[in-house]
Structures are given as structure tokens and as C-alpha cells.
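>>> Build me a structure from this.
(one chain, ligands or ions: 1)
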Amino acid sequence: MNNVVISGTGLYTPPESVSNEELVTAFNAYVERFNRDHAGEIDAGRCEALAPSNADFIYKASGIKSRYVVDKAGILDPDVMHPRIRTRGNDEPSLQCEMALAAIEPCLAQAGRSADEIDAVLVACSNLPRPYPALAVEVQQYLGGGRFGFDLNVACASAAFAIQTGADMIRSGSARRVLMVNPEICSAHLNFRDRDSHFIFGDVCTAALLENADDVADGEGFEVVGTRLQTRFSNNIRNNFGFLNRSETEPRTDADRLFVQNGRRVFKEVAPMVAQMIVDHVGEHDLSADDIKRLWLHQANINMNSLICRRVLGREASQAEMPSVLAEYANTSSASPVIVFHKFSDDMVAGDVGVLCGFGAGYSAGSVIVRRR
Ligand code: COA
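Below is the predicted model of the structure:
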């Protein structure tokens, strides 16, 4: 079995950011208009009045202050309330492909590699632009590298699942270099008219290069010590968008074809599942809580991450041990643990151990233990 090293990471952040205050102003304008337009039905008890959102609630409940998005104007227009994305022709790169290329460039530069040295391209994310051709094959084409590529979708845990998939290829010898990329346009699956969830997500893209350790100079990158995956069925995070929508005998509403969650139940059920997974995984490698220098966790909720760290470490985690970008980026699905790994791993010294962990719908969760070389 070959050893695997993460030799580079890259991040692409869209230029536009939306603050909680801006989002709440747009949402409340929609609510006011809805209640005014439906005043008669509301008074007659045939329709429920909508309640306004609140920026303080959002920050206190989640730790989110803002999010980057691919189209701010569409999201904040109460007549639109979703990103507006130009329809692309088949002979030009899709938006997710462009985002992927923008994250791959700094990733390859950090690893000192060029596109023609890549064996496989894995696109791992929550939402793909179409069933086929695979986005990974499109990225391969515009990148000008890679023997093959394919897409993986395991919701917010997609990056962890792709790291294990790529690492397994390298361990077994079927590939030497695997590029993993997470182009997340979460704003396009978010229901901006739903008070419970309109603040949750942002858009971003991350990339990571996995290599056979024999090809990476001593002292460079992070050795992949181990990977572990877990799934357990739940409807508490669900999106009924799919190719059968057109054929279904009962047409679904727009809201049913977007992200829906029972956040409170997710919090209560996923936090212990993830904490136990990390504890078991670390133990499997004869490591203990004291050996963990850093936890690069999925960024969904700051209180949830504090709870997971408390259970894993047996005490409160410091900010350095549990870095977060929630305030700035919100939840960016599969990309989020890779953002924190990308931004908060430079200070680790040879021998330092950390755990990258993604979790979300499915439920699905994956942990990757790494050691600084
Ligand atoms: N503005 C103001 N009030 C709001 C609100 C908003 N935008 N959204 C909900 N509320 C209200 C609710 O109506 C409720 O009011 P009530 O107590 O009068 O019934 C109250 O605030 C609490 O709502 P609740 O949904 O229970 O809040 P919460 O503390 O659970 O926080 C989340 C909501 C979504 C931030 C939180 O549950 C969460 O992050 N869960 C984990 C989700 C997760 O990890 N998902 C993975 C996705 S990849």
C-alpha cells in the first residue's frame, strides 16, 4: 500500500458578499408584501401571516454574519430571491467549471504540479449542474489534464468521501495524483423565502491535490494517516429536486425542490454521531484527544462545532484548535472543511496531527486524519 500526501490546496471566493442585515432587509420586504397581498385571507384564517427574520437571531443561532455569493442582486431583489446565472452554451465552460479552475490553479501552484501530471479529477459537491456529461470530465477538458474524472455527491460530506476515494486509488496504485475539487453554488439550492433557512449557505470552491508520498519531497504537505466514512438515513435534511420531477403525478412546489431541513433535530442527532466517529477513528490509529492539534470541521453551526470539539477533546477547544470561517463564509457545504484546512494549517509543525471532518445530509460524515510532514 502506498502512502498518501495532501500536497496542495486552493480556494476560490466569489467577489460579492451579502451581510445578514442586507439579507434580512430583502426577506422582510418580501414578508411585508406577502402579508399585505394576503391580508384578507390572513384575517379570515385561511392563510398564515409570515414572520420577519432577524439578523441578531441568525448570528446567535449559527455564528454566521455574511456569505459570498455568485449573484448578489438576484438574491436581494424581493421579486427574484435567487441568484440569476446566465444560461451557458454547450461550447463554453459552466459556472461551476470556471469556479473549479479558479480553485485548482492555486492548488497546483502550491503543490508545484502542472495539469498534465494529474491522473484523476474528482468533482465532489452537493449540487451538480446536470446528470451528464460529468462535471469532472468538463473540468478535465478545460484544465487540459487528467486521464479520467467523475463526480461524487454525498452532500456536505462530499469532500471527505472524495479524499477517501482518491486516497484509495493512490494506496492501491491505480493513480499517483488525484485532484479533488468542490465547486459549491449553495445559493442556487437555497429557498430565500424560508425564514428558517434563508441565511444558512454561501458559495465557494475549494481544491486539494492528493499524491503518492514517494513523489513528494520530505517535509512537504500532510500525510493522510487514515480515512473513515459513515452514513445513516435521515429525512431531516432533504431536497426533492430530481429528474423524475417532470414525471411525478403530483407536481411538487418550488420549495420542495430546494433545501429543507429540521435544523434543531440535525443539530441534536449529527453532533454526537460525528463526535463518536472522530473519537473511534483517532483511537483506531492509536492516537488520543491529546494528540489532536487541530479540528478542521464542516462549517454549519458554531455552537454545533463547539459541542463536537468538547466531546472529542474532553474540554473546550481554543479558537486555534477549532478554526472557523462561518462568520465570513456561512455554510459552504462540502467545501467548508477544506476552506479551514487551507486557511489554518500553515503554522502546524512536523508531526502535528489534525482531523478534517465533513458531515451533513444523508446523514453522511467522513473524517480524514492527517499528520504534518
Ligand atoms: N429570524 C428570527 N427568528 C427565527 C428565524 C429567523 N430567521 N428562524 C427561526 N426563528 C425562530 C423560530 O421560529 C423559533 O421560534 P419559536 O421559539 O417561537 O418557535 C426560534 O427562532 C428557534 O428556532 P430554531 O429553528 O429552533 O432555531 P435553532 O436555535 O435550532 O437554530 C439553526 C436554527 C438552523 C441555525 C440550527 O438549528 C442549526 O444550525 N442546526 C444544524 C444544521 C446543520 O448542521 N445542518 C447541516 C446542513 S448541511
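>>> Next one: the nearest residue to Gln96 once chain neighbours are set aside from Val121, what distance?
Once its chain neighbours are removed from consideration, Gln96 has its nearest residue in Pro183; the separation is 4.0 Å (Cβ to Cβ, 6 or more residues apart in numbering). Where you see a C-beta, it was placed from the backbone N, CA and C, and this is true even at glycine. With the distance defined as Cβ to Cβ, to the nearest Å, Pro183 ends up 12 Å from Val121.
>>> quick one: the helices in this structure?
If you assign secondary structure with DSSP state H, the helices in the chain sit at 20-37, 39-43, 55-62, 72-76, 95-111, 135-143, 158-172, 263-284, 302-313, 326-329, 336-343.
>>> Pretty sure Leu208 sits against Val4.
Not quite, residue 208 is Ala, not Leu. No - Ala208 lies out of contact with Val4 (Cβ atoms under 8 Å); the separation is 11.2 Å.
>>> What is the neighbour count of the residue in the stretch 251-373 of the chain positioned nearest to the ligand?
The ligand sits closest to Gly263 of the stretch 251-373 of the chain, with a gap of 2.7 Å, by Cβ to the nearest ligand atom. Neighbourhood size, Gly263 [other Cβ atoms under 10 Å]: 17.
>>> Between Ala208 and Val4, tell me which one has more neighbours.
Between Ala208 and Val4, Ala208 has the larger neighbour count (other Cβ under 10 Å), namely 31 against 28.
>>> Identify the residues contacting that one.
Under the criterion of Cβ atoms under 8 Å, 6 or more residues apart in numbering, the contact list for Ala208 reads Ile6, Gly8, Thr9, Gly10, Cys107, Ala159, Ile163, Leu179, Met180, Val181, Val338, Phe341.
>>> how about the residues of the stretch 151-300 of the chain near the ligand?
Cys156, Arg195, Asp196, Ile237, Gln261, Gly263, Arg264, Val266, Phe267, Val270, Ala300 (Cβ under 6 Å from any ligand atom).
>>> if we take those, which one ends up nearest to Ala289?
Using Cβ to Cβ, Val270 is the member of these that lies nearest Ala289, at 20.0 Å.
>>> hang on, isn't that closest one packed against Met304?
Yes - under the criterion of Cβ under 8 Å, Val270 makes contact with Met304 at 7.4 Å.
>>> With neighbour numbers in mind, choose between the two.
Val270 (27 against 22).
>>> So that one versus Ala120, what's the distance?
For Val270, the distance to Ala120 (Cβ to Cβ) stands at 30 Å.
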